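Student: Quick one: sequence plus predicted model below, questions after.
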Amino acid sequence: MPKPSPAMVVADARARRLSGLPRAHRPGESRRQRILRNPLSWLAAVFFPLCVVLLWQVYLSYRRTITEAVGNYTAEHGGVRSEPTVSQFNEALWRCTKLALVTLVIGVVVFWLIDRLRPTSLLLKAVCLAWGGAVAVYFAANANDWVASRLTVDRSDPMGSARAAIYVAPFVEEAAKATVLFLLAILVRYRIVGVMQSVALAGMSAVGFAVVEDIVYYVRTYLYGSMVYGVDANQALHEIYVARGLQTWWGHPLFTSCTAIGLAVALRSRSTFVRVLAPVAGYLFAAGLHMAFNGSQVAGGGQTLLFIVGGSIILALLVRLVVHCRSEARVLGARLQDLVIAGWLDPRDPIVYSSFLRRGKLLVAALLRGPRVFGATHRMLSLMTEVAYLRAAVTAGVVDGAANLHGRELLADIAALRPVALHETEGLSVKPDNWTWQNIAARLRGWWHVVRGPRRPRFAPPSGAPVPVGSAAR
């Protein structure tokens, strides 16, 4: 095969960039070289330190405002103004952060499980989580404070913050959380191929935002109770933790998921009208839900009604995601069948890789056969899904002819993995053939000996001069 000319290489790179496809593989390029040559790696190297700086600014801002608010609260309810010291604030912050970590773990696990069909990379998940916890919080805090100051007649107006929470905060916060999705759609839109990926990334951003927001509420409540005589600070902290961290943690992820669904619909549509209208409609629906949620909290709406409405919306969203998974499975089968007809894949590939049960069986069986087989099988599943979605994008007219070369690269990688990876479920036993009970028992005994270490003698060996037979010890 002749070596492509520099002009062809430049033209191919430009076509891939305009179509949102990754750059071509370079022969002999190591993983380290790919990371260093990837512009996203350098953007991430700048982005994460920036998040640390913004979090520090958020800490300083809230330490000042909460300290002032606690002083005003104690002066009003206790008669004597008492402000917490920096050490007291940091102690309360550490205690409340440990509570908020429970919400963080729950949210990350839930959206990691949602993103299983075409998993996005850990880097993208970390970027969205950091964006929500740092950039979105910093922007929303400053914007909300500025707008609240404009809506408040004077500092004694009790409804200024309520008006901002209902009419301003939903639009500001939803825009702040969802901005990262639009940036990723511009930079790596080939990674956001469906609703599941978009919802998972939006959920990560919303969970990061919700955790930092919960910490602010926890610290404020705990310090209020600690600085006023006769108030049980631990009881107050427990009540708000249960209400925000456990019962209504789903609020921010649910709202942002609406914008994510609109963005995913726009990315897979050829219509300019749909590409503009779908994200806007999703954003407005998310802000509307957020506004209704905040309004019910300010008006003192019952938790029962909130759970019924919120639970119904979540149940409808889950049903929609299940239906979408079945639809995506049919798309995978149809697009892989196109490649079978073209002679690129085996006839059984559409049947195996369009079934979630068969994909799960391959992963479990590969896991029991060692890290080498598991890594190759996992990579095979990802490549099959990626080439199917690439074919679907070509069929829908979302990408142009630049996808042909990338598709051949994916198919070449699939062919190279077939000798190692598991790719057929017919007649496949999850338990390896050499896993007999005798082999398992011998392997467990070997591990036990390694863990226990060498055996020591039960009795110490005799020492000193030998005693003649028949002699009596005196």
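Tutor: That came through fine. Everything numeric here is computed off the predicted structure, so don't read it as measured data.

Student: For the rest of this, base every contact and every neighbour count on C-alpha atoms.
Tutor: Noted.

Student: Any stretches of the stretch 351-474 of the chain with poor pLDDT?
Tutor: 400, 453-474 (pLDDT under 70).

Student: 50 instead?
Tutor: Scanning the stretch 351-474 of the chain for pLDDT under 50 picks out 474.

Student: Okay, helices next: where are they in it?
Tutor: Per DSSP state H, counting those that start in this stretch, the stretch 351-474 of the chain has helices spanning 356-367, 371-396, 402-417, 437-452. These are given in chain order.

Student: Using PDB, list the CA coordinates for stretch 248-264.
Tutor: The C-alpha trace of stretch 248-264 is given here as PDB (Å, rounded to 0.1, in the frame of the first residue of the first chain):
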ATOM      1  CA  THR A 248     -33.800  14.600  47.500                       C
ATOM      2  CA  TRP A 249     -30.300  14.000  46.200                       C
ATOM      3  CA  TRP A 250     -31.800  13.200  42.800                       C
ATOM      4  CA  GLY A 251     -33.000  16.700  42.200                       C
ATOM      5  CA  HIS A 252     -30.000  18.300  40.400                       C
ATOM      6  CA  PRO A 253     -29.200  15.100  38.300                       C
ATOM      7  CA  LEU A 254     -32.800  14.900  37.200                       C
ATOM      8  CA  PHE A 255     -33.000  18.500  36.100                       C
ATOM      9  CA  THR A 256     -29.700  18.400  34.200                       C
ATOM     10  CA  SER A 257     -30.600  15.100  32.500                       C
ATOM     11  CA  CYS A 258     -33.400  16.900  30.700                       C
ATOM     12  CA  THR A 259     -30.900  19.200  29.000                       C
ATOM     13  CA  ALA A 260     -28.700  16.200  28.300                       C
ATOM     14  CA  ILE A 261     -31.500  14.400  26.500                       C
ATOM     15  CA  GLY A 262     -32.200  17.400  24.300                       C
ATOM     16  CA  LEU A 263     -28.500  17.700  23.400                       C
ATOM     17  CA  ALA A 264     -28.300  14.000  22.600                       C
END
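
Student: Flag every buried residue along that stretch.
Tutor: Residues of stretch 248-264 classed as buried by neighbour count (16 or more other Cα atoms under 10 Å): 249-264.

Student: swap in stretch 122-131?
Tutor: 124-131.

Student: Stretch 271-283 now?
Tutor: For stretch 271-283, by 16+ other Cα under 10 Å, it's 274-275, 277-283.

Student: and those as TSV, adding secondary structure?
Tutor: Output for the buried residues of stretch 271-283, formatted as TSV (DSSP: H, G, I helix; E, B strand; the rest coil):
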residue	secondary structure
274	helix
275	helix
277	helix
278	helix
279	helix
280	helix
281	helix
282	helix
283	helix
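
Student: Among those residues, find me the one that's closest to residue 232.
Tutor: Residue 232 has its nearest neighbour among the buried residues of stretch 271-283 in residue 283, at 40.4 Å by Cα to Cα.

Student: my guess is that closest one meets residue 174, correct?
Tutor: Yes. At 7.2 Å, residue 283 and residue 174 qualify as touching, with contact defined as Cα atoms under 8 Å.

Student: which residues do these two both contact?
Tutor: Residues touching both residue 283 and residue 174 (Cα atoms under 8 Å, 6 or more residues apart in numbering) are residue 256.

Student: how long is stretch 386-404 from one end to the other?
Tutor: 13 Å (Cα to Cα, to the nearest Å).

Student: packing partners for the helix or strand hosting residue 326?
Tutor: Under the criterion of DSSP states H and E, residue 326 resides in helix 303-341. Under the contact criterion of 3 or more Cα pairs under 8 Å, 6 or more residues apart in numbering; DSSP states H and E, helix 303-341 touches helix 349-353, helix 371-396.

Student: Kindly provide the distance from residue 101 to residue 89.
Tutor: 18 Å.

Student: Of those two, which one has the most company?
Tutor: Applying other Cα atoms under 10 Å to residue 101 and residue 89 shows that residue 89 carries more neighbours, namely 19 against 15.

Student: residue contacts, residue 259?
Tutor: 178, 279-286.

Student: What of residue 288?
Tutor: residue 170.

Student: quick one, phi/psi of it?
Tutor: Residue 288 has phi and psi values of phi -70, psi -40 when expressed as degrees, to the nearest 10.

Student: coming back round to it: redo the helices of the stretch 351-474 of the chain as a markdown table? Include mean neighbour count and distance to residue 225.
Tutor: Output for the helices of the stretch 351-474 of the chain, formatted as a markdown table (neighbours: other Cα atoms under 10 Å; distance: least, Cα to Cα, whole Å):
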| stretch | mean neighbour count | distance to residue 225 |
| --- | --- | --- |
| helix 356-367 | 18 | 50 |
| helix 371-396 | 19 | 52 |
| helix 402-417 | 16 | 60 |
| helix 437-452 | 11 | 51 |
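
Student: can you count the residues close to the closest residue in space to residue 139 that isn't next to it in sequence?
Tutor: Excluding its sequence neighbours, the residue lying closest to residue 139 (Cα to Cα, 6 or more residues apart in numbering) is residue 176, at 6.8 Å. Residue 176 has 23 neighbouring residues, counting by other Cα under 10 Å.

Student: Might you report the residue contacts of residue 176?
Tutor: 132, 135-137, 139-140.

Student: Which ones among these map onto helices?
Tutor: Those of the contacts of residue 176 mapping onto helices are 136-137, 139-140, per DSSP state H.

Student: Considering those, which possesses the most neighbours?
Tutor: Busiest of the ones in helices among the contacts of residue 176 [other Cα under 10 Å] is residue 136, holding 27 neighbours.

Student: Which pLDDT value goes with the closest residue to that one other than its chain neighbours?
Tutor: Nearest residue to residue 136 in three dimensions, chain neighbours excluded: residue 176, at 4.7 Å (Cα to Cα, 6+ apart). pLDDT, residue 176: 93.

Student: can you check residue 290 too?
Tutor: 88.

Student: Enumerate every residue touching it.
Tutor: 170, 251-252, 255.

Student: Need the contact partners of stretch 239-249.
Tutor: Residues contacting stretch 239-249 (Cα under 8 Å, 6+ apart): 99-100, 102-103, 210, 214, 218, 221.

Student: er, stretch 326-336 actually
Tutor: 345, 349-351, 353-356, 384-385, 387-389, 391-392.

Student: which of those lies closest to residue 165?
Tutor: residue 389 (41.0 Å).

Student: so that closest one touches residue 191, yeah?
Tutor: No. When contacts are counted by Cα under 8 Å, residue 389 is not listed as touching residue 191 (10.0 Å).

Student: could I get the buried residues of stretch 271-283 as JSON lines with pLDDT?
Tutor: Converted to JSON lines, the buried residues of stretch 271-283 look like this (pLDDT from 0 to 100):
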{"residue": "274", "pLDDT": "88"}
{"residue": "275", "pLDDT": "88"}
{"residue": "277", "pLDDT": "92"}
{"residue": "278", "pLDDT": "91"}
{"residue": "279", "pLDDT": "92"}
{"residue": "280", "pLDDT": "93"}
{"residue": "281", "pLDDT": "93"}
{"residue": "282", "pLDDT": "93"}
{"residue": "283", "pLDDT": "94"}
